[in-house]
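In: my questions are about this predicted structure, shown below with the sequence.
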Amino acid sequence: MGIFDRFKSNRQLQDKAKDVSDAAERKANERTGNKYESQVDDAQQRIEGQLGMDRDRPDQP
């Protein structure tokens, strides 16, 4: 079992990662004056998807 497998099965880590991801998105948008808001959002979704944290997908047990 790799490190990302453990991450994908740990709900607390995923919740914390989402909080950090949201904070990073807000900070990036703040620093750029929301000029690149859609690109930042796309990047956030892509990264979260690769980590198995898709927000559009219902919670998995």
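Out: It's in.
In: ok, residues contacting the host helix or strand of Arg31?
Out: Per DSSP states H and E: Arg31 is located in helix 11-32. The contact list for helix 11-32 (Cβ atoms under 8 Å, 6 or more residues apart in numbering) reads 7-8, 36-37, 40-41, 44, 47-48, 51-53, 55, 59. Placement of C-beta: from N, CA and C, glycine included.
In: got it, and stretch 37-57?
Out: Residues contacting stretch 37-57 (Cβ under 8 Å, 6+ apart): Phe4, Phe7, Lys8, Gln14, Ala17, Lys18, Ser21, Ala24, Glu25, Ala28, Asn29, Thr32.
In: can we see that at 6 Å?
Out: Applying Cβ atoms under 6 Å, 6 or more residues apart in numbering, the contact partners of stretch 37-57 are Lys8, Gln14, Ser21, Glu25, Ala28, Asn29.
In: and those, which are buried?
Out: Gln14, Ser21, Glu25, Ala28 (16 or more other Cβ atoms under 10 Å).
In: now those in TSV, with pLDDT?
Out: Output for the buried ones among the contacts of stretch 37-57, formatted as TSV (pLDDT from 0 to 100):
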residue	pLDDT
Gln14	82
Ser21	89
Glu25	94
Ala28	95
